[in-house]
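> return atomic coordinates for the entry below.
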Amino acid sequence: MSSNGVTSNAAPWKVVKTHTVHDAPPYLKLSVETVELPDGRIVDDYHQVHLPDYSIAVPILADGSILTLWQYKHGARCYSMTFPAGHVEPGEDAVEAMLRELREETGYVAEQAIGFGSYTVSGNQGCGRAHLFALTGCRPVGVADHDDLETFDLKVMTVEEINAAIDQGHCAILPQLAVWLATRVHFGF
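Okay, the predicted model is just below:
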């Protein structure tokens, strides 16, 4: 049985050798692996991108409205609607990381975290794991305390407004869209 609970006849690839090409902890590590495929073939240049795991959540307020962040995201090269997210620090679990990020980025806290699972961002290169959540009972308790690279507009939106923003192309980052869709399925909106 694989790590996602699905049974398969596909054998995992065997990593024969790993060569680190670039290492910039804790943010990025690039490596090239030599792998042996189940049929015995050798691939000597399978590139991997190692990024830290992170948590991402849709914060839901008591009245059912949603807290969003609108910010420039340099990887996407655009201003985008996002939800709170951040790296899971060493020794921290994904829920703790998400609650910390919510408080730091927005000044809000949540009553409950509902997990939707953890997913590898790129099936071929890796690129870390995204831990998806919805946070319910969110309420303000203070001011945001985010770092100086994070500048954004905090907007409280309705479900319909978020869906319209997505339809208009204002959500440019795939894990952001994934957490929204997981939340919609869970809550039925």
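> got a list of what the most centrally placed residue in the chain touches?
With the centre of the chain defined as its mean C-alpha position, the nearest residue by C-alpha atoms, centre = their mean is A130, 3.6 Å away. For A130, the set of contacting residues under the criterion of C-beta atoms under 8 Å, 6 or more residues apart in numbering consists of 53-56, 118-119, 121, 175, 178-179. For every residue, glycine as well, the C-beta is placed using N, CA and C.
> if you set the cut-off to 6 Å instead, what comes out?
By C-beta atoms under 6 Å, 6 or more residues apart in numbering, A130 lies in contact with 56, 119, 121, 175.
> any low-confidence regions in this structure?
Scanning the chain for pLDDT under 70 picks out 1-7, 148-149.
> next helix or strand past the strand ranked longest in it?
Among all segments of the chain classified by DSSP state E, the strand with the greatest residue count is strand 126-140. Past strand 126-140, heading to the C-terminal end, the next element that is a helix or strand (DSSP states H and E) is strand 152-157.
> I'd like the next helix or strand past that following strand.
That would be, after strand 152-157 and using DSSP H and E, helix 159-167.
> hmm, back to that, beta partners of the residue nearest to the centre of the chain?
In this structure, A130 has beta-bridge partners Y54, Y119, where bridges are defined by DSSP bridges.
> against S55, how distant is it?
As for A130, its distance to S55 is 8 Å (criterion: C-beta to C-beta, to the nearest Å).
> same question, T20
26 Å.
> more neighbours, the two?
Each of T20 and S55 had its neighbours counted (other C-beta atoms under 10 Å), and the higher figure belongs to S55 (29 against 11).
> now, among the contacts of A130, which is nearest to F187?
Top of the list for closeness to F187, among the contacts of A130 and by C-beta to C-beta, is I56 at 16.4 Å.
> about what we covered before: among the contacts of A130, name the ones in helices.
P175 (DSSP state H).
> now the contacts of A130 in a markdown table, with distance to L28?
Written out in a markdown table, the entries for the contacts of A130 read as follows (distance: C-beta to C-beta, whole Å):
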| residue | distance to L28 |
| --- | --- |
| I56 | 19 |
| Y119 | 19 |
| V121 | 13 |
| P175 | 17 |
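> restricted to buried residues, select the contacts of A130 in PyMOL.
Of these, the buried ones go into a single PyMOL selection, burial set by 16 or more other C-beta atoms under 10 Å:
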select buried, resi 56+119+121+175
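> what are the structural domain limits within this protein?
12-48, 52-185 (the TED database).
> pick the most buried one from those domains.
Each of the domains of the chain was given a mean neighbour count from mean count of other C-beta atoms under 10 Å, and the largest, a mean of 17, is that of domain 52-185.
> report the distance from it to the chain centre.
8 Å (C-alpha atoms, centre = their mean, to the nearest Å).
> ends of that domain, what's the gap?
This stretch, domain 52-185, spans 27 Å end to end (C-alpha to C-alpha, to the nearest Å).
> one more: stretch 50-67?
Start-to-end span of stretch 50-67 (C-alpha to C-alpha) is 30 Å.
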